[in-house]
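[1] Quick one: sequence plus predicted model below, questions after.
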Amino acid sequence: MKRLWIAAALFSAMALSGSAQSLSDLNIELHGYATQGFLYTTENNIFSTNSSSGSPAWDEAVLNMTATPTPKLRVGMQARYFLLGNYGNKISLDWAAADYSFNDHVGVRFGKVKTPIGLLNEIQDLDPTYIWSLLPQSVYPLTSRNSTLTHYGGVVYGSFSLGQKKGDLDYRVFGGEQMVTADDPSITEGEEDSGIILPNGWGGTMLGATLKWKTPLQGLMFGATDVDFPAVWSSLAVYQGSNGTQSTPPSQSQWYFARYEKNKIMVAGEYSRQQYQGATQFPDAPDGDSTFRSDPRGWYAMASYKFTPKFALGAYVSQFVDWQLDYGPPRYSKDWTFSARYDFNQFLYAKAEQHFIEGTNIGYDDATNPNGLQPNTKLTILKIGVSF
């Protein structure tokens with residue numbers, strides 16, 4: 001199914017490109033960026049890096065190409081190289097889509113498209129556009145970025161005026177197939193804990209909608225996302241050489257968010273809840289059978305101030321709790337973060353960020369912490385980036 005969506009998007013692009021008189025008619029644009037990050041932690045190693053000794057193992061390079069054959073049609077794709085400790089170290093397709101806007105009220109995009117959930121999901125791949133080195137991990141965990149950024153399917157979008165005194169309403173309705181690849185950390189970290197391998201990855205159908213109300217007060221916006229996973233997600237599972245299945249019944253997830261921007265100030269917050277349960281079954285290995293239940297809830301509040309066109313400071317508090325886990329550090333993560341960014345020019349920028357993290361629920365894996373985890377740690381991040 002996912003190959004058909006990508007093929008359809010690319011076919012549309014090629015068909016319209018072929019009708020153009022010249023390359024200049026396509027209005028082709030090429031953009032990208034590259035970043036180098038350095039991580040240092042006082043206690044635990046984080047994101048599968050050797051950060052307690054200082055680690056430069058965080059590299060990213062993104063290249064995208066878009067074409068606009070007509071004023072209403074835009075097609076494009078984006079490739080990404082990513083390395084974070086033991087994760088990534090490969091080139092992948094971020095997105096590939098065709099976008100047609102009928103008018104201000106209705107547009108459609110299809111292919112491998114960005115999933116319009118929450119406040120920040122669609123900008124996870126746009127590091128040059130925001131102050132933070134890490135987005136709040138309670139809602140946008142870095143290690144799950146590939147699986148949450150996009151889905152195979154479509155998005156219908158548009159905007160309507162509610163009147164001069166009521167503001168505007170933006171909507172996004174989306175659906176298709178969400179895929180978590182076999183090498184995604186959310187799967188591989190589970191292998192370390194339970195020994196269960198999902199060689200074909202994990203995924204299934206999804207349907208959702210996002211509404212954003214741009215209030216009459218300029219710069220103030222409220223929004224919400226609801227996502228349904230209407231069908232059973234099922235995948236091949238392997239445990240100690242025995243084949244079985246892992247499945248989850250239909251579930252729902254919600255995001256609620258708000259943002260206020262005026263002049264040099266930005267204030268925002270978000271809350272999310274993603275409930276699910278499931279089971280793994282192995283007919284030939286009864287000891288491998290298990291059930292699991294998760295009720296993760298995350299929230300953050302952030303603010304930033306742009307002192308000059310080149311220099312900005314920000315801070316956020318981010319908290320994540322899985323209500324199905326026993327009390328203790330593995331149940332939660334709380335992160336106080338202070339950030340700074342300096343733009344040397346329109347191409348080169350640098351970020352510095354300090355995190356004070358309590359709890360061990362997010363960002364740690366067993367392989368790089370063989371002696372167990374300490375309940376608290378401090379994380380320092382330095383990052384330099386170039387964009388064009």
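    Received it, and whenever you're ready, just let me know what you need.

[2] quick one: the helices in this structure?
    Using DSSP state H, the helices found in the chain span residues 2-18, 145-149, 185-194.

[3] now the first one: mean pLDDT?
    What it means is helix 2-18. Averaging pLDDT along helix 2-18 gives 50.

[4] One more: the shortest one?
    The average of the pLDDT scores along helix 145-149 is 90.

[5] So which elements touch that helix?
    strand 87-101, strand 168-180 (3 or more C-beta pairs under 8 Å, 6 or more residues apart in numbering; DSSP states H and E). Heads up, the C-betas are built off the backbone N, CA and C, glycines and all.

[6] Mean pLDDT and distance to residue 366 for these - can I get that in CSV?
    Listed next are the helices and strands packed on helix 145-149 as CSV, based on pLDDT from 0 to 100; distance: least, C-beta to C-beta, whole Å:
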stretch, mean pLDDT, distance to residue 366
strand 87-101, 94, 14
strand 168-180, 96, 20
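
[7] among those strands, which is nearest residue 202?
    Set against residue 202 and scored by C-beta to C-beta, the helices and strands packed on helix 145-149 come closest in strand 168-180, at 4.3 Å.

[8] What are the buried residues along that closest one?
    168, 170, 171, 172, 173, 174, 175, 176, 178, 179, 180 (16 or more other C-beta atoms under 10 Å).

[9] okay but the fourth one is in contact with residue 224, surely?
    No - under the criterion of C-beta atoms under 8 Å, residue 172 lies out of contact with residue 224, with a separation of 11.2 Å.

[10] Find the residues that touch each one of the two.
    210, 211 (C-beta atoms under 8 Å, 6 or more residues apart in numbering).

[11] Quick check: beta-bridge partners of residue 171?
    residue 158, residue 211 (DSSP bridges).

[12] That one touches residue 209, doesn't it?
    Yes - at 6.9 Å, residue 171 and residue 209 qualify as touching, with contact defined as C-beta under 8 Å.

[13] Residue 204 and residue 314, how far apart?
    Residue 204 is 36 Å from residue 314, where distance means C-beta to C-beta, to the nearest Å.

[14] Please apply the same query to residue 275.
    Between residue 275 and residue 314 the computed distance is 31 Å (C-beta to C-beta).

[15] ok, now residue 26?
    Residue 26 is 38 Å from residue 314, by C-beta to C-beta.

[16] Looking at residue 275 and residue 314, which one has more neighbours?
    Applying other C-beta atoms under 10 Å to residue 275 and residue 314 shows that residue 314 carries more neighbours, namely 19 against 15.

[17] Spit out the contact partners of the more buried one.
    Taking C-beta under 8 Å, 6+ apart, one finds 131, 132, 266, 302, 303, 304, 305, 338, 339, 340, 341 in contact with residue 314.

[18] Try it again at 7 Å.
    Under the criterion of C-beta atoms under 7 Å, 6 or more residues apart in numbering, the neighbours of residue 314 are 131, 132, 302, 303, 304, 339.

[19] So what's the residue count around the fifth one?
    This points to residue 304. Counted with other C-beta under 10 Å, the neighbours of residue 304 add up to 21.

[20] distance of it from residue 245?
    Per C-beta to C-beta, residue 304 is found 46 Å from residue 245.

[21] How about residue 158?
    40 Å.

[22] The two: who's more crowded?
    It is residue 158, of residue 158 and residue 245, that has more neighbours when counted by other C-beta under 10 Å, with 17 against 13.

[23] who's in contact with that one?
    104, 105, 106, 107, 171.

[24] top of those residues by neighbour count?
    Among the contacts of residue 158, residue 107 has the most neighbours (other C-beta under 10 Å), with 18 neighbours.

[25] correct me, but that one touches residue 101?
    Yes - using C-beta atoms under 7 Å, residue 107 is in contact with residue 101, at 3.9 Å.

[26] circling back to that earlier point, can you put the contacts of residue 314 in a markdown table and add pLDDT and distance to residue 163?
    What follows is those, written out as a markdown table (pLDDT from 0 to 100; distance: C-beta to C-beta, whole Å):
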| residue | pLDDT | distance to residue 163 |
| --- | --- | --- |
| 131 | 98 | 34 |
| 132 | 98 | 35 |
| 302 | 98 | 31 |
| 303 | 98 | 30 |
| 304 | 98 | 31 |
| 339 | 98 | 38 |
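
[27] And the furthest pair within these?
    Farthest-apart pair in these is 132 and 303; separation 11.7 Å (C-beta to C-beta).

[28] Specify which residue of those two has the higher count of neighbours.
    The neighbour count for residue 132 versus residue 303, taken as other C-beta under 10 Å, is higher for residue 132 (21 against 14).

[29] For the nearest residue to that one once chain neighbours are set aside, list each beta-bridge partner.
    Nearest residue to residue 132 in three dimensions, chain neighbours excluded: residue 339, at 5.4 Å (C-beta to C-beta, 6 or more residues apart in numbering). Counting by DSSP bridges, residue 339 is bridged to residue 314, residue 353.

[30] wait, what's in contact with residue 339?
    131, 132, 133, 313, 314, 315, 351, 353.

[31] Are any of the residues you listed buried, and if so which?
    So, by 16+ other C-beta under 10 Å, the buried ones in those are 131, 132, 133, 314, 315, 351, 353.

[32] Among those, which one sits closest to residue 322?
    Closest approach between those and residue 322, by C-beta to C-beta: residue 132, at 23.4 Å.

[33] Contacts only, for the residue nearest in space to the middle of the chain.
    Nearest to the geometric centre of the chain sits residue 145, at 3.7 Å (C-alpha atoms, centre = their mean). Each residue near residue 145 by C-beta under 7 Å, 6+ apart is listed here: residue 124.
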